[in-house]
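S.K.: Return a 3D structure for these sequence lines:
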Amino acid sequence: MNIVIMDGYASNPGDLNWDALKQLGDVTVYPRTSDAEKVERAKDADIILINKVQMDAETIAQLPRLKYIGVQATGFNVVDIQAAKERGIVVTNIPAYSTDSVAQMTFALILAITNRVEHYTHENRNDRWTYNKDFCYWDTPLMELAGKKMGIMGLGNIGIKVATIARDMGMDVYACTSKNATDLPEWITKVSRDGLLATSDILSLHCPLNDDTYHLINDESIKKMKPSAILINTGRGPLVDEEAVAKALHEGRLAAYGADVMSQEPPRQDNPLFRESNAFITPHIAWATLEARTRLNKQVAANVKAFIEGNPINVVNK
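M.R.: Modelled structure (predicted):
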């Protein structure tokens, strides 16, 4: 089997290896692949592995040898699933490999906002505490999470993990979910979308991106939230209308926004969120812990092996 990894650098910048895949076929690794390069690089491949390289219908039609597309991520919107299915190409993804890491980042953002560790560390490196008149100081609001209302939009693997951590920190947990209330733990209160917006002291987004959730958070939904609310997005960038969130932050109608994802990645230099002091943005790294990427690469190889053996797993275009 001729296996081509189209954009391997993101998941493996050099701290992991491709040995498990190399046991399954001839492997070619490209760190990155542009749209102009992808057909030429994939034309002789039986199997391609991608992360963010787009495989649309036009591209797929130019790859007659292709039998398998392995998406090195949970989301698979980079592939035209129907076009692949029509050509008999199996498409797989990697479910649930980053649950713990993304939940951890969710709370890293929450704590960055409520405790401002980075701010005080910076101040103290510049001798502020050394010359302070009192034994302590603070110049930002400090919030205790216990007793606050944690709202979670979407209760998949990550949403449930975030809910569990919130409960362990003494928070009251509310969720908007398609699951039946009777199937939820007794400590999660199911509410409507508007109910979640109105109730949450902290609202964390963990729902899939689709037509119903695109710009779920917009000017109208922000009006239904508490001005003191904190919004967290470690799901998908386009769940949020970034212009509306930036405007709400600027006008004091939203207390803070923490995000690991943006609507365009890399983002535009003039994105208005970068001008807001209460916007805390990380560069899509929640999934990128060594542990999560190790699980990812292991499952990539397992998916390919299962396909070669005739029993594909994690197929998303059956």
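
S.K.: just the helices in this protein please.
M.R.: 19-22, 38-42, 57-61, 81-86, 99-115, 117-125, 157-168, 193-199, 219-223, 242-251, 290-308 (DSSP state H).

S.K.: Off-centre distance for the fourth one?
M.R.: On the basis of C-alpha atoms, centre = their mean, to the nearest Å, the separation between the geometric centre of helix 81-86 and that of its chain is 25 Å.

S.K.: How about the last one?
M.R.: Its chain's C-alpha centre and that of helix 290-308 lie 19 Å apart, by C-alpha atoms, centre = their mean.

S.K.: shouldn't V53 be in contact with T33?
M.R.: Yes: under the criterion of C-beta atoms under 8 Å, V53 lies in contact with T33, with a separation of 5.3 Å. Where you see a C-beta, it was placed from the backbone N, CA and C, and this is true even at glycine.

S.K.: between the two, which one's more packed in?
M.R.: V53 (25 against 22; other C-beta atoms under 10 Å).

S.K.: Common neighbours of V53 and T33, please.
M.R.: By C-beta atoms under 8 Å, 6 or more residues apart in numbering, V53 and T33 have these common neighbours: 6-7.

S.K.: hmm, back to that, what's the closest of the helices of the chain to T92?
M.R.: When the helices of the chain are compared by C-beta to C-beta, helix 290-308 sits nearest T92, at 4.7 Å.

S.K.: I'd like the distance between the residue nearest to G88 when sequence neighbours are not counted and M169.
M.R.: Ranked by C-beta to C-beta, 6 or more residues apart in numbering and with sequence neighbours excluded, the top spatial neighbour of G88 is K67, at 7.7 Å. For K67, the distance to M169 equals 47 Å [C-beta to C-beta, to the nearest Å].

S.K.: show me the residues around the closest residue to N115 other than its chain neighbours that make contact.
M.R.: In this structure, N115 finds its nearest non-sequential neighbour in L142, 6.6 Å apart by C-beta to C-beta, 6+ apart. Contacts for L142 (C-beta under 8 Å, 6+ apart) come out as 114-116.

S.K.: If you rank those by neighbours, which is first?
M.R.: T114 (21 neighbours).

S.K.: related to what we said a few turns ago, wait, what's in contact with the residue nearest to G88?
M.R.: 46-47, 88-90.

S.K.: quick one: contacts for the nearest residue to I69 once chain neighbours are set aside?
M.R.: Take I69 and drop its neighbours on the chain: the residue closest to it by C-beta to C-beta, 6+ apart is V91, 4.7 Å away. Counting by C-beta under 8 Å, 6+ apart, V91 touches 68-71, 76, 79, 81, 84-85, 315-317.

S.K.: Ok, Y257 next?
M.R.: Listed by C-beta under 8 Å, 6+ apart, the contact set of Y257 reads 230-233, 240, 245, 249, 273, 276, 278-280.

S.K.: and with 6 Å instead?
M.R.: Applying C-beta atoms under 6 Å, 6 or more residues apart in numbering, we find Y257 in contact with 231, 245, 279.

S.K.: looking at it, the first one is touching S204, isn't it?
M.R.: Just to be clear, that refers to L231. No: counting by C-beta atoms under 6 Å, L231 does not reach S204; the two are 8.1 Å apart.

S.K.: As TSV, the contacts of Y257 with distance to G14, pLDDT and neighbour count would be great.
M.R.: Converted to TSV, the contacts of Y257 look like this (distance: C-beta to C-beta, whole Å; pLDDT from 0 to 100; neighbours: other C-beta atoms under 10 Å):
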residue	distance to G14	pLDDT	neighbour count
L231	35	98	27
V245	36	98	24
A279	32	98	22
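
S.K.: could you dump these to CSV with distance to V39?
M.R.: Shown next, in CSV, are the contacts of Y257 (distance: C-beta to C-beta, whole Å):
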residue, distance to V39
L231, 40
V245, 38
A279, 39
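
S.K.: which one among those gets closest to N17?
M.R.: Nearest member of these to N17, counting by C-beta to C-beta, is A279, at 37.4 Å.

S.K.: now the closest one: how far from Y97?
M.R.: A279 sits 28 Å away from Y97, taking C-beta to C-beta as the criterion.

S.K.: what does V316 give?
M.R.: Per C-beta to C-beta, V316 is found 15 Å from Y97.

S.K.: who has more neighbours, the two?
M.R.: Y97 (24 against 18).
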